[in-house]
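Enquirer: what's the 3D shape of this:
(2 chains)
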Amino acid sequence: GAVVSQHPSRVICKSGTSVKIECRSLDFQATTMFWYRQFPKQSLMLMATSNEGSKATYEQGVEKDKFLINHASLTLSTLTVTSAHPEDSSFYICSAYKTSGYNEQFFGPGTRLTVL
Amino acid sequence: AQSVTQLDSQVPVFEEAPVELRCNYSSSVSVYLFWYVQYPNQGLQLLLKYLSGSTLVESINGFEAEFNKSQTSFHLRKPSVHISDTAEYFCAVSERGSGGGADGLTFGKGTHLIIQP
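Expert: Okay, the predicted model is just below:
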């Protein structure tokens, strides 16, 4: 298998502040990682595709200046929610794509963001 | 663009009874199909996938799903469920390409499978 971690698991912040969420592939290298967002009782919505060493590709309707994605290494991608507002409160989930022998995405446990 | 519909948000089933979780999709292009399972307080795990070949795919824990192109469906079934199958099940699709999984996924809203003793 493969393990993907996210940190923090929960974060509460004040409106107007920025929050960084880390996604790590612990036992494999991932050139491609994905960020999803899940609202209560809704499906996961793809936000962006993160490629190591290049700019992220954002889905339509996702503000790239609001949700900054950095994929600086083969095991780490970060999502920074800038100037967070209450409507940004959500469950953020990352996945990492493993090619060697699997060709599938492995998901992190998610991060619950609450903006007051 | 693709969309996935899971009509049942919650399915209660007695232990050892059969179950079917429904999934229909819409897409203007060919797709790959996936079922993911999420146990309480854990991340999503791949249950099974259809990329090509036989339209009936099976998982190691007794689940199976059949790709039906004419009905654009990928229903998940298990002949006899166990308490440990209690979880949230998500159907997902991605655009058919060279990656077979290296594309972002479009998910359904999920079906909560509740196993009753």
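Enquirer: which residues are in contact with the lowest-mean-pLDDT helix or strand in chain A?
Expert: One helix or strand of chain A scores below all others by mean pLDDT, DSSP states H and E: strand A:104-107, with a mean of 88. When contacts are taken as CB atoms under 8 Å, 6 or more residues apart in numbering or on different chains, the neighbours of strand A:104-107 outside the stretch itself are A:1-4, A:25, A:34, A:93-98, B:36, B:43-46, B:49, B:101, B:105. The way it works is simple: take the backbone N, C-alpha and C, and place the C-beta from them, glycine included.
Enquirer: quick one: low-confidence parts of chain B?
Expert: B:97-101 (pLDDT under 70).
Enquirer: Please list the residues of it that sit near chain A.
Expert: B:4, B:9, B:36, B:41-46, B:49, B:90, B:99-110 (CB under 8 Å from any CB of the partner chain).
Enquirer: Cross the residues you listed against strands and list the overlap.
Expert: In strands, defined here by DSSP state E, the members of the residues of chain B next to chain A are B:Val4, B:Tyr36, B:Gln45, B:Leu46, B:Lys49, B:Phe90, B:Thr106, B:Phe107.
Enquirer: In TSV, list those residues along with neighbour count.
Expert: Conversion of those to TSV gives the following (neighbours: other CB atoms under 10 Å in any protein chain shown):
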residue	neighbour count
B:Val4	23
B:Tyr36	25
B:Gln45	14
B:Leu46	18
B:Lys49	20
B:Phe90	25
B:Thr106	23
B:Phe107	23
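Enquirer: So which of the residues you listed is the closest to chain A?
Expert: Distances from these to chain A were compared by CB to the nearest CB; the smallest belongs to B:Phe107, at 4.2 Å.
Enquirer: how about the nearest residue to residue 31, chain neighbours excluded?
Expert: Defaulting to chain A. The shortest distance from A:Thr31 to any residue other than its chain neighbours is 4.8 Å, reached at A:Glu52 (CB to CB, 6 or more residues apart in numbering or on different chains).
Enquirer: My question was about chain B, not that one.
Expert: Of all residues beyond its chain neighbours, the one nearest B:Val31 is B:Val93 (4.3 Å), with distances taken as CB to CB, 6+ apart.
Enquirer: For the one you found, list the residues it contacts.
Expert: Residues in contact with B:Val93 (CB under 8 Å, 6+ apart) are B:Gln2, B:Val4, B:Tyr25, B:Ser27, B:Val31, B:Tyr32, B:Leu33, B:Phe34, B:Leu105, B:Thr106.
Enquirer: Among those, find me the one that's closest to B:Glu64.
Expert: For the contacts of B:Val93, the residue nearest B:Glu64 by CB to CB is B:Leu33; the value is 12.8 Å.
Enquirer: Identify each buried residue in stretch A:6-18, please.
Expert: For stretch A:6-18, a neighbour-count test (16 or more other CB atoms under 10 Å in any protein chain shown) marks A:Gln6, A:Val11, A:Cys13 as buried.
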